[in-house]
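Trainee: got a predicted model here, sequence first, then my questions.
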Amino acid sequence: MHTYWKWLLLLAVSWVMASVHDDFGALELAGSALFFGLFFLMPLLAKKPLQAVLTLSFASVIALAVFWPEAGAEPNPYPLLIFSILAGKAVYRLPPKYAITIGALLFIGTGVPAVQGDSVFPPIFLALYASLLAAVFTLYKRQQMKTEADEQRTEALLVEYRKMKRRIRTDEQAARQQERTQIARDIHDSVGHKLTALLMQLEMFRMQAEGETAEQLKQLKALTKESLEETRSAVKTLKQDEEGGVAAIISLIRQLEAESFLRIQFSVKSGALSAQLGNQELIIVYRMVQEALTNVMRHSKVKEAEIIFESPGGTVFRFTVRNPLREPIEFCEGFGLGAMRERIEQAGGRFEAGPRGKEFVVEGTLPLLVKRGEQDDSDFTGGRSGDGPARIEDDD
């Protein structure tokens, strides 16, 4: 942005110096106003090359018309500097074939008066100057394209590196959780069932015994029951992840925030933390937010986002990702957003994405059809326990 204003200042000074040498009338002043109006439009057309080349071509024609030399007039070298700035603008903003079009237009516009003998510059000088300028701009454009290619390659490698880090972290968590679950199952199948069998046998002996023996058996039964309860508690702890639910999503997104240098603001309201999300819903929410933040990293000029989790009424879970826009954009839903929409709609939810005022908003709503309660302690009386609460698995 600072570079743009410096070049604009240089162009304005050159324009003023050129206008001082000529007798400017109302027509020239109107042309000057129109020229700078078009020049200010160029940053808005950064992603529209066809419109940009038409705008810059019109601006070049206006500049040539305003400073068209008159026979016998005082020599004015400043328009040549203006035309050079326009050519540089074309090289910087436009693809090579469009930049060549602008350069050819300016060269013809300055060459015609020279051939007619009305220009302060002879044709051979203009030809040499244009050749030198073309050589410099060609080297610059090649370096610019090489730099852009290096940046894209670096960004691709960085994305793969982040995916690998997340995969390693997720695989480590999965291996740790699998080991914890296996230990819980072993305790459940061996110690838990044996304690249950011992408790039943002690109760049978207590019913048959009398006097002091019955009292001792009652104490043994209480001790065995206490041991069984402690075993159940240990198994439940082993079966649980370190974190789950929305808290796990927030933790993973915070990691993405740190890796991507994004400024992310969280808002959790309307019972979102207590929403009963299954493993499928957790994965969908995480993937959707991850894709939205990836789009912010790749396409947005403002590296910040606001994420809102809410569960109005406890019947749906809604997530919203907002990214500020510096300028209006043309929106076309691509593959990533299309995949997000398909994934949410398959789960019975609703998905919306697109500009809203001065923000780009990605919003998804998932129904909470099943409410999951605490697992019954009666698991110990038969069969194997489940694999524990839902857990986000990073399947990049």
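Mentor: The structure has been received and is ready for your questions. Numbers count the residues shown, from 1 in each chain.
Trainee: what helices or strands is the host helix or strand of Glu291 leaning on?
Mentor: Element membership for Glu291 (DSSP states H and E) is helix 279-299. Packing partners of helix 279-299 (3 or more Cβ pairs under 8 Å, 6 or more residues apart in numbering; DSSP states H and E): helix 245-260, strand 304-310, strand 316-324, helix 335-346, strand 359-367. From N, CA and C alone the C-beta is placed, and that goes for glycine too.
Trainee: against which helices or strands is the fourth one packed?
Mentor: The one in question is helix 335-346. helix 279-299, strand 350-356, strand 359-367.
Trainee: mind exporting the C-alpha coordinates of it to CSV?
Mentor: C-alpha atoms of helix 335-346 as CSV (Å, rounded to 0.1, in the frame of the first residue of the first chain):
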residue,chain,number,x,y,z
PHE,A,335,-14.6,-27.2,-4.4
GLY,A,336,-13.8,-26.7,-0.8
LEU,A,337,-17.0,-24.9,0.1
GLY,A,338,-19.0,-27.3,-2.1
ALA,A,339,-17.6,-30.2,-0.2
MET,A,340,-18.5,-28.5,3.1
ARG,A,341,-22.1,-28.0,2.0
GLU,A,342,-22.4,-31.6,0.9
ARG,A,343,-21.0,-33.0,4.1
ILE,A,344,-23.3,-30.9,6.3
GLU,A,345,-26.4,-31.6,4.2
GLN,A,346,-25.7,-35.3,4.4
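Trainee: about what we covered before: give the buried residues for the helix holding Glu291.
Mentor: In terms of neighbour count (16 or more other Cβ atoms under 10 Å), helix 279-299 has its buried residues at 281-293, 295-297.
Trainee: also stretch 184-191?
Mentor: Residues of stretch 184-191 classed as buried by neighbour count (16+ other Cβ under 10 Å): 184-185, 187-188, 191.
Trainee: quick check: next helix or strand after the helix of greatest length in the chain?
Mentor: In the chain, taking DSSP state H as the definition, the longest helix is helix 123-187. Using DSSP H and E, the helix or strand that follows helix 123-187 towards the C-terminus is helix 193-208.
Trainee: what helices and strands are in contact with that following helix?
Mentor: With contacts taken as 3+ Cβ pairs under 8 Å, 6+ apart, helix 193-208 sits against helix 211-239.
Trainee: centre of the chain to the helix it packs on, how far?
Mentor: With Cα atoms, centre = their mean, to the nearest Å as the basis, helix 211-239 stands 54 Å off its chain's centre.
Trainee: just the CA trace of the helix holding Glu291, in CSV.
Mentor: Extracted in CSV, the C-alpha atoms of helix 279-299 (Å, rounded to 0.1, in the frame of the first residue of the first chain):
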residue,chain,number,x,y,z
ASN,A,279,-18.3,-38.2,16.9
GLN,A,280,-19.6,-37.5,13.3
GLU,A,281,-20.8,-34.1,14.3
LEU,A,282,-17.6,-33.2,16.0
ILE,A,283,-15.6,-34.1,13.0
ILE,A,284,-17.9,-32.1,10.7
VAL,A,285,-17.7,-29.0,12.9
TYR,A,286,-13.9,-29.2,13.1
ARG,A,287,-13.5,-29.8,9.4
MET,A,288,-15.8,-27.0,8.5
VAL,A,289,-14.1,-24.5,10.7
GLN,A,290,-10.7,-25.7,9.5
GLU,A,291,-11.7,-25.2,5.9
ALA,A,292,-13.0,-21.8,6.6
LEU,A,293,-9.8,-20.7,8.3
THR,A,294,-7.7,-22.2,5.5
ASN,A,295,-9.7,-20.0,3.1
VAL,A,296,-8.9,-17.0,5.3
MET,A,297,-5.2,-17.9,5.1
ARG,A,298,-5.1,-18.3,1.4
HIS,A,299,-7.5,-15.7,0.0
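Trainee: got the angle between that helix and strand 350-356?
Mentor: 20 degrees (axes from the mean of the first three to the mean of the last three Cα atoms, to 10 degrees).
Trainee: now the angle from helix 279-299 to strand 316-324?
Mentor: Put simply, helix 279-299 runs at 10 degrees to strand 316-324, going by the same axes, to 10 degrees.
Trainee: please pull out the lowest mean pLDDT helix or strand from the chain.
Mentor: Every helix and strand of the chain was ranked by mean pLDDT, DSSP states H and E. The lowest is helix 245-260, at a mean of 68.
Trainee: quick one, which of the helices and strands packed on helix 335-346 is nearest to Ile307?
Mentor: Across these, Ile307 has its closest neighbour in helix 279-299 (6.3 Å, Cβ to Cβ).
Trainee: work out the gap between stretch 8-22 and the centre of the chain.
Mentor: On Cα atoms, centre = their mean, the centre of stretch 8-22 falls 42 Å from the chain's centre.
Trainee: would you confirm that Ala52 contacts Leu94?
Mentor: Yes - the criterion here is Cβ atoms under 8 Å, and Ala52 meets it with Leu94 at 6.0 Å.
Trainee: how close does Thr170 get to Leu158?
Mentor: Per Cβ to Cβ, to the nearest Å, Thr170 is found 19 Å from Leu158.
Trainee: show me which of the two is the more surrounded one.
Mentor: Using other Cβ atoms under 10 Å as the criterion, Thr170 and Leu158 rank with Thr170 on top: 17 against 13.
Trainee: local confidence estimate at that one?
Mentor: Residue-level confidence at Thr170 comes out at 71, pLDDT.
Trainee: picking up where we left off before, of all the helices and strands packed on helix 279-299, which one comes closest to Phe36?
Mentor: strand 316-324 (28.2 Å).
Trainee: what does the closest one contact?
Mentor: Strand 316-324 has contacts (Cβ atoms under 8 Å, 6 or more residues apart in numbering) with 272, 275, 277, 281, 285, 288-289, 292-293, 295-296, 300, 302, 304-312, 358-368.
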